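A.B. asks: sequence first, predicted model second:
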Amino acid sequence: MEKIAVMGGGSWGSALANLLVDNHKEVLVYDNDQATVDEINQFHTNKSKLGDNLLSKEIKATRSLEEALNFSSLIVLAVPTSVTRIVLSNIKKIIKDKKLFVNVAKGLELNTNDRVSEIVNDEIPGQYIEGFVSLTGPSHAEEVIVRNLTSIVAASENLEHAKLVQEIFSNESYFRVYTSCDLIGAELGGSLKNIYAIASGMLDGLGYGINAKSALITRGLLEMKRITVLLGGLEETLNGLVGVGDLIVTCMSKFSRNYSAGLLIGEGDDLKTSLSKMTMVVEGVKTCKTAYHLSKKLGIETPIIDAVYDVLFNEIEPRVVIKNLMARELKSEH
Ligand SMILES: NC(=O)C1=CN([C@@H]2O[C@H](COP(=O)(O)OP(=O)(O)OC[C@H]3O[C@@H](n4cnc5c(N)ncnc54)[C@H](OP(=O)(O)O)[C@@H]3O)[C@@H](O)[C@H]2O)C=CC1
Ligand SMILES: O=C(CO)COP(=O)(O)O
């Protein structure tokens, strides 16, 4: 597999395109914004997403979905979850042969609660789906673009597909991919952690310390496991890179978009104002709403998700939800 099409020239799509060129692949990036396409082709940058970092001159970009689709049998989906269905419904109109879909977006669809693999199965007729792989784990675009050491997971119900993606994306200098057959666990881990990254930013915005953050990550992981296991994923998956690993990265790093939005809210902005200051997608907001309703439907106790939901959608002050969390009935840890 020497040619790869990347759908979405945002920060992650661009950084992965650069990685794939490092791995000696020919890459075509599709983006719906002509200015982004021109910037990548002419100046080899994506300034609004990746600052002054230079992209490889070998990366080509196009605004033609058809050109990108015909370029490769491996399609990387790197658009926000909220537009994945739109992009796929456009792909459905022009797809002519089987594709292996590799999703790198981390979110759950609002209203349907769908994971991206479910959206693909919904939108693309089965005869055109070779397989589906979720490529997920602790990996900020800002670090991958400067070739910082990164390890993530290629998860698929088909181990051969996971291995193929592992081979394509791994290199011996800075990017290591593990395989997993727990697709549900991988998709849920990558999506749910964004809610706790928002909460982590809120804690910093309010001036709390590392004790609070450690408790957030640990108790958040427990909530993630409760949801994942009930939906058919494995607890052990969340003990790995897609759970603990990604929680650490996004709860602790200033590069996280979810953390950054939460920080602004902790400092006093409301949701609308904080999102207006972000230039990249903050997946955790919609995923929080989805996970809140999902946990109620499943009858699972998720006090942190409920607290973030109250701040984001019921306009309750972060300090008030924290006070309420601390005042809950005392209980055993497990
Ligand atoms: N950034 C990161 O470090 C990582 C991100 N991810 C995940 O990757 C996904 C993408 O994130 P990221 O790259 O950061 O997001 P960005 O906001 O940087 O980029 C999103 C891209 O999708 C494009 N897009 C938006 N709407 C459409 C549409 N209707 N049709 C086609 N393209 C569209 C945007 O174009 P435009 O700008 O013109 O709107 C933009 O190029 C998210 O799910 C995120 O969680 C996962 C791991 C790491
Ligand atoms: O998932 C990510 C890193 O692993 C990126 O998270 P953010 O979208 O919060 O930046």
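C.D. replies: Received, thanks. Owing to the predicted nature of the structure, the values given are computational and were not obtained by experimental measurement. Residues are numbered from 1 along each chain as shown. Ligands and ions are numbered 1, 2, ... in the order given.

A.B. asks: spell out which parts of the stretch 51-200 of the chain neighbour ligand 1.
C.D. replies: 78-81, 83, 86-87, 104-107, 139-141 (CB under 6 Å from any ligand atom). No exception for glycine: its C-beta is placed from N, CA and C like everyone else's.

A.B. asks: residues of the longest strand belonging to the chain that come out buried?
C.D. replies: Longest strand of the chain, by residue count under DSSP state E: strand 129-136. Neighbour-count burial for strand 129-136, counted by 16 or more other CB atoms under 10 Å, picks out I129, G131, F132, V133, S134, L135, T136.

A.B. asks: need the contact list for the residue nearest in space to the middle of the chain.
C.D. replies: For the chain, the residue nearest the mean C-alpha position is K106 (2.4 Å; CA atoms, centre = their mean). Residues in contact with K106 (CB atoms under 8 Å, 6 or more residues apart in numbering) are T81, T136, G190, S191, K193, N194, E283.

A.B. asks: between strand 129-136 and the longest helix seen in the chain, find me the angle.
C.D. replies: In the chain, taking DSSP state H as the definition, the longest helix is helix 183-206. Inter-element angle recorded for helix 183-206 and strand 129-136: 30 degrees (by axes from the mean of the first three to the mean of the last three CA atoms, to 10 degrees).

A.B. asks: before we move on, which element is K289 in?
C.D. replies: Per DSSP states H and E, K289 falls inside helix 283-298.

A.B. asks: contacts for the helix or strand that that helix is followed by next, please.
C.D. replies: Counting by DSSP H and E, the next helix or strand C-terminal to helix 283-298 is helix 303-313. For helix 303-313, contacts defined as CB under 8 Å, 6+ apart pick out 195-196, 198-199, 202, 216, 219-220, 223, 265, 271, 284-285, 288-289, 291-292, 295, 316-318, 321-322, 324-325, 328.

A.B. asks: for stretch 116-127, same thing?
C.D. replies: Under CB under 8 Å, 6+ apart, the answer for stretch 116-127 is 77, 81, 84-85, 88-89, 91-92, 95, 98-99, 101, 103, 105, 107, 109, 112, 114, 129, 132, 134, 183, 187.

A.B. asks: quick check: mean pLDDT across stretch 219-232?
C.D. replies: Over the span of stretch 219-232, the pLDDT mean works out to 98.

A.B. asks: I misspoke; the intended subject was stretch 308-323.
C.D. replies: If you average the pLDDT over stretch 308-323, you get 97.

A.B. asks: hmm, that stretch in reach of ligand 2?
C.D. replies: No - contact of stretch 308-323 with ligand 2 (CB under 6 Å from any ligand atom) is absent, the minimum separation being 13.6 Å.

A.B. asks: pull out the buried residues from that stretch.
C.D. replies: For stretch 308-323, by 16+ other CB under 10 Å, it's V308, Y309, D310, V311, L312, P318, V321, I322.

A.B. asks: okay, H334: pLDDT?
C.D. replies: pLDDT at H334 comes out at 88.

A.B. asks: could you check how far it is from G232?
C.D. replies: 22 Å (CB to CB, to the nearest Å).

A.B. asks: hang on, the earlier thing: and the angle from the longest helix of the chain to helix 283-298?
C.D. replies: 120 degrees.

A.B. asks: wait, does helix 183-206 make contact with ligand 2?
C.D. replies: Yes - Helix 183-206 reaches ligand 2 (CB under 6 Å from any ligand atom) through N194, A197.

A.B. asks: what are the buried residues along that helix?
C.D. replies: Neighbour counts over helix 183-206 (16+ other CB under 10 Å) mark 183-206 as buried.

A.B. asks: what is the orientation angle of it with helix 303-313?
C.D. replies: Using the same axes, to 10 degrees: helix 183-206 against helix 303-313 is 60 degrees.

A.B. asks: what is the distance between helix 183-206 and the centre of its chain?
C.D. replies: Distance, stretch centre to chain centre, for helix 183-206: 10 Å (CA atoms, centre = their mean, to the nearest Å).

A.B. asks: could you do stretch 35-48 as well?
C.D. replies: 23 Å.

A.B. asks: which non-adjacent residue is nearest the residue of the chain found nearest ligand 1?
C.D. replies: Residue of the chain nearest ligand 1, by CB to the nearest ligand atom: G10 (1.7 Å). For G10, ignoring the flanking residues on the chain, the nearest one in space by CB to CB, 6 or more residues apart in numbering is K49 at 5.5 Å.

A.B. asks: over to Y128?
C.D. replies: Y128 sits nearest to I95 (CB to CB, 6+ apart), 4.8 Å away.

A.B. asks: the one you found and I129 touch, don't they?
C.D. replies: No - applying CB atoms under 8 Å as the test, I95 and I129 come out as separate, 9.5 Å apart.

A.B. asks: tell me where the stretch 1-150 of the chain has strands.
C.D. replies: Taking DSSP state E, counting those that start in this stretch as the test, the strands found in the stretch 1-150 of the chain are 3-7, 26-30, 60-62, 74-77, 99-103, 129-136, 150-155.
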